[in-house]
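> Predicted model and sequence follow; I will ask about them next.
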Amino acid sequence: MACHGDDLLVSEGGATVEHTTSRIGGPRGSALLLMGLFLLFTSTDVRGARLDNTIGVVKNARGSLVIIRGAGTQDRVKGSAILPLFEGDELRSESGCQAVIEFHDGTRIALNEQTTFIIRSRPAKGGIVRIIRMLLGEVWVKTSAKPDPLEFETPVAKAAVSGTELNVRVADDGRSQLTVLEGSVDFSSAGVNCSIQRSTQSIGQRGKPCTPPVPVDGSLVTGWSQQLMKLVRTVATIRASGSGVRPQKASSAAQARLLAERAAKADAYRNLLEAAYGVLVTSSTSVRDLATQNDSVRTTLDGFIRGASLVEVRHLDDGTVEVEMEIRLSREFWAIFPRV
């Protein structure tokens with residue numbers, strides 16, 4: 001996702017997030033809901049202290065992705081949007097919808113249409129194991145270089161994932177098809193464990209052991225996900241332009257040039273800040289909302305934007321200088337915001 005001034009440019013022509021609440025009502029309920037929603041995207045703040053329990057982020061949705069949260073809340077995402085994910089969230093991609101999420105360890109999951117899964121976890125030695133409880137549909141998964149332990153549970157099978165790329169498809173009757181594209185996966189069904197290696201596929205059915213792995217052309221399985229990933233522009237970068245004019249009273253042409261570049265950068269910084277203000281922290285709260293409430297947030301955010309990278313400098317014939325600058329919305333960006 002790129003930003004020019006305060007206009008967000010996204011791959012699907014716009015991002016929308018609808019938020020509804022079905023069971024919490026009244027001032028007290030609203031306050032509790034907002035406290036839960038104002039959690040952020042990173043697990044540590046600038047001092048290294050634990051801030052929140054978010055586990056990842058929705059990066060893009062073609063069509064309508066529904067996220068059912070606790071306390072009767074529901075978010076519906078369309079387009080590129082930065083929206084946090086929490087343990088216990090249930091994700092549903094409606095007909096015609098495909099979506100991409102990313103966990104904090106860098107693992108990416110693409111959802112094909114009409115897919116439903118719930119994000120869970122269980123304690124393990126040295127941390128937790130992330131669990132995708134998949135009820136229906138199809139997902140593509142690519143873990144990061146140093147992934148957290150990840151498992152898939154379907155109505156009839158389980159898969160332990162580590163350092164790999166795979167595709168999982170679950171039919172209405174629970175029939176589960178696992179295709180391993182890179183690495184290996186421990187796949188089990190009806191108490192029987194199968195080691196599925198690269199470029200092979202196995203099927204688990206209710207009451208039956210997993211089938212022996214058979215060779216498969218991965219491109220025939222993952223065509224949908226690869227097309228989707230090509231359309232997903234990074235939502236971790238914003239870009240803005242700025243312009244400056246050479247002052248007439250400069251002592252030399254060189255000084256006029258430098259002053260014009262400085263003015264253009266200052267203009268770009270202001271536009272980057274405006275673009276950052278427009279980024280969603282939750283479905284109902286933008287960065288601007290939090291910065292308005294807290295002076296230290298606004299000051300720190302301004303300092304963060306000053307670390308933007310210069311992409312291009314253009315000197316126009318009329319003496320005007322234009323610059324393009326960008327900055328990544330990394331964990332450091334989200335660490336700026338306090339717990340509300």
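Here it is on my side, so go on. Numbering: from 1, shown residues only.

> contacts, neighbours, all on C-alpha from now
Fine.

> Packing partners of the longest helix anywhere in the chain?
The single longest helix within the chain, with elements called by DSSP state H, is helix 253-277. In terms of contacts (3 or more CA pairs under 8 Å, 6 or more residues apart in numbering; DSSP states H and E), helix 253-277 is packed against strand 2-4, strand 237-245, helix 287-293, helix 295-305, strand 320-328.

> CA atoms only for the last one, dumped as CSV, please.
Okay, so that is strand 320-328. Written as CSV, here are the backbone C-alpha positions of strand 320-328 (Å, rounded to 0.1, in the frame of the first residue of the first chain):
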residue,chain,number,x,y,z
THR,A,320,10.9,23.6,-8.4
VAL,A,321,12.3,20.6,-6.6
GLU,A,322,10.2,17.5,-6.0
VAL,A,323,11.1,14.6,-3.7
GLU,A,324,9.6,11.2,-3.0
MET,A,325,10.1,9.7,0.5
GLU,A,326,8.9,6.4,2.1
ILE,A,327,8.9,4.7,5.4
ARG,A,328,8.0,1.1,6.5
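
> Just the residues contacting it, thanks.
Residues from elsewhere that reach strand 320-328 (CA atoms under 8 Å, 6 or more residues apart in numbering): 236-246, 260-261, 264-265, 268-269, 272, 305, 307-316.

> hmm, 7 Å instead?
236-246, 260-261, 264-265, 268, 308-315 (CA atoms under 7 Å, 6 or more residues apart in numbering).

> what angle do that strand and strand 237-245 make?
With axes from the mean of the first three to the mean of the last three CA atoms, to 10 degrees applied, the angle from strand 320-328 to strand 237-245 works out at 160 degrees.

> what's the spacing between strand 320-328 and its chain's center?
Once both centres are worked out by CA atoms, centre = their mean, to the nearest Å, strand 320-328 turns out to sit 25 Å from its chain's centre.

> Ok, the fourth one next?
Between the centre of helix 295-305 and the centre of its host chain there is 23 Å, according to CA atoms, centre = their mean.

> just the third one next, same as before
Between the mean C-alpha location of helix 287-293 and the chain-wide mean there is a distance of 21 Å, by CA atoms, centre = their mean.

> Buried ones in that helix, by neighbour count?
Burial within helix 287-293, assessed by neighbour count using 16 or more other CA atoms under 10 Å, is assigned to 287-288, 290-291.

> Equivalent analysis for the fourth one, please.
For helix 295-305, the neighbour count (16+ other CA under 10 Å) marks 297-298, 300-302, 304-305 as buried.

> got those residues as TSV, with pLDDT columns?
Rendered in TSV, the data for these read as follows (pLDDT from 0 to 100):
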residue	pLDDT
Val297	78
Arg298	79
Thr300	81
Leu301	82
Asp302	82
Phe304	80
Ile305	84
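
> Taking these, tell me the two that lie furthest apart.
The most widely separated members of the buried residues of helix 295-305, counting by CA to CA, are Val297 and Ile305 (12.2 Å).

> Please tell me how far Ile336 sits from Val66.
Counting by CA to CA, to the nearest Å, the gap from Ile336 to Val66 is 28 Å.

> Now Thr107. Nearest residue, chain neighbours left out?
Counting by CA to CA, 6 or more residues apart in numbering, the nearest residue to Thr107 once its immediate chain neighbours are dropped is Thr143, at 4.2 Å.

> Where does pLDDT dip in the stretch 101-250 of the chain?
Residues of the stretch 101-250 of the chain meeting the criterion pLDDT under 70: 230-236.

> go with 80
Applying pLDDT under 80 to the predicted model, the residue ranges of the stretch 101-250 of the chain that meet it are 162-163, 229-237.

> which residues of it fall in helices?
With helices called from DSSP state H, counting those that start in this stretch, the stretch 101-250 of the chain shows them at 218-231.

> Could you count how many residues lie near Arg239?
Other residues near Arg239 number 26, with proximity taken as other CA atoms under 10 Å.

> give the contact list for the residue nearest to Thr107.
Residues in contact with Thr143 (CA under 7 Å, 6+ apart) are 106-108, 163-165.

> Phi, psi for it please.
Phi and psi for Thr143, reported as degrees, to the nearest 10, are phi -80, psi 160.

> how much space between it and Arg120?
Thr143 sits 17 Å away from Arg120 when distances are taken as CA to CA.

> what's the answer for Val66, then?
Shown here: Val66 relative to Arg120, a distance of 17 Å by CA to CA.
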